[in-house]
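Participant: Quick one, structure for this:
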Amino acid sequence: MCPLTDDLWVISFIGRDRPGLIRDILNRPALQNVNIVDMDQRVMQGICVMTVVADFASAETTPGKLEQWYQDNAERLAIDFSFLPLEGHQGRRQTAKELYVVTILARDRPGIIRDVAEVATRYEINIERASVTARGELISIEFLMDFAECIVEDCRAQLKRECERLGLDVVIQDLSQSRKEKRLIVFDMDMTIVDFEIINRLASFAGVDEEVKAITDRAMNGEMDFKESLRQRVCLLKGMPLTTLQEIAADLELTPGSEELIHHLKQVGYKIALISGGFTYFTDVLKERLGFDYVFANVLEIEDGVLTGRIKGDIIDAEAKGRMIFQLAEKEKISPDNIVAVGDGANDCLMIKNAGLGVAFNAKEVLKKVSDGSLSRENLLGLLNVLGLAEKEREV
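Facilitator: This next block holds a predicted model:
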């Protein structure tokens, strides 16, 4: 039987954190048969903040007497406290909720939480909880938001758009989906792990950079079939000596944070895959350098030490990338829900859609629309926060 509302009281406590504090605070209610039916407790900057909902229906005391006991013992316990009857103070209905974990990443500044709260209010999204993690100049704020009062897909799109306007990276995950363990992370290569488009660098050496870049841009924006665009670009590289590939491979500039990110992910047991519409010559170098468990890319045909301008075998395009999510899941004996995909262009759309969590990194608009959220170039390490792997240093 549910307790009567007038038997329920909200009691809040605040005090310097120490071992045994929660025991000391809750000992008296337990002795008086006061039932704690809800509770939220956390430590911020060494201060313990705890709120409980206490049921006095079968208690051997009254709220007034318990409040007086805390008043008499506040100095000994080193706490401040407040009592509030639940009846008449409840704000929102307790019907079915649509809960989402919303992770915000940005350079720290005053007003970020206020700005996000203003956007949420505008679209009738309720904030149920928020916590903050600092990492140098970067800050990560994890919100638990209820989308029950709005059309979820519309609100997700609006929230992503408004956060981008505010200069904030955002990733939005269904609460139940966010709780599913992630075990494998798939990355695109060019402009994700490597900080440039390798084929554009090849083209620059060949003196056809303008032609290749124009085709690349059209393909990455979804304006041109990827297979045809790749064939056209590779054809322009005909006659390039293998030594040029070796020179570029020896100087692969990584995206800031990518090496640290992959190292940390492997340290905590994640499998790491690289699925690229680029070339195996370079993915093999990255596998050796960074320790990828799987790499997939296209094979350049080389004869007599020069490029023929052709690709050997099947081309890895958007459809192939999408299929590989399921193939990797089967190989690792996991669900696609346990996979995270990170990419930047139109040919990553299916890969992003098929993974349990899809993140657009420094991405084109076409990819942002189908992803769960986006990270900007300086925030790749923020993926650790999205996955709950960054140590929480302070909370709000």
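Participant: first vs last residue of stretch 143-158, how far apart are they?
Facilitator: Using C-alpha to C-alpha, to the nearest Å, the span of stretch 143-158 from its first residue to its last is 16 Å.
Participant: Check which residues of that stretch are buried.
Facilitator: 143-148, 150, 155-156, 158 (16 or more other C-beta atoms under 10 Å). All C-beta atoms are positioned from the backbone trio N, CA, C, and that covers glycine.
Participant: which of those sit farthest apart?
Facilitator: Spatial extent of the buried residues of stretch 143-158 (C-beta to C-beta) is set by the pair Leu144 and Gln158 at 18.2 Å.
Participant: Can you give the domain ranges for this structure?
Facilitator: Using automatic domain parsing, the domain ranges for the chain come out as 5-85, 99-178, 184-370.
Participant: Could you tell me which strands whichever strand or helix holds Val170 is paired with, and in which direction each runs?
Facilitator: Assessed by DSSP states H and E, Val170 sits inside strand 169-174. Using DSSP bridges, the strands paired with strand 169-174 in its sheet are strand 99-107 (antiparallel), strand 373-375 (antiparallel).
Participant: How far away from the center of its chain is it?
Facilitator: From the chain centre to the centre of strand 169-174 is a distance of 6 Å (C-alpha atoms, centre = their mean, to the nearest Å).
Participant: helix or strand right after that strand?
Facilitator: In N-to-C order, the element after strand 169-174 by DSSP H and E is helix 175-178.
Participant: picking that back up, just the ones of the buried residues of stretch 143-158 in strands?
Facilitator: 143-146 (DSSP state E).
Participant: Just put these in JSON lines and tack on pLDDT and distance to Ala329.
Facilitator: JSON lines is the format used below for these (pLDDT from 0 to 100; distance: C-beta to C-beta, whole Å):
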{"residue": "Phe143", "pLDDT": "96", "distance to Ala329": "29"}
{"residue": "Leu144", "pLDDT": "96", "distance to Ala329": "28"}
{"residue": "Met145", "pLDDT": "96", "distance to Ala329": "29"}
{"residue": "Asp146", "pLDDT": "96", "distance to Ala329": "31"}
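Participant: So Ala363, which state does it fall into?
Facilitator: Under DSSP: H, G, I helix; E, B strand; the rest coil, Ala363 falls in the coil class.
Participant: That one is in contact with Ser371, isn't it?
Facilitator: Yes: with contact defined as C-beta atoms under 8 Å, Ala363 and Ser371 form a contacting pair (7.2 Å).
Participant: Switch the domains of the chain over to JSON lines; also include distance to Glu378.
Facilitator: Converted to JSON lines, these look like this (distance: least, C-beta to C-beta, whole Å):
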{"stretch": "domain 5-85", "distance to Glu378": "26"}
{"stretch": "domain 99-178", "distance to Glu378": "8"}
{"stretch": "domain 184-370", "distance to Glu378": "6"}
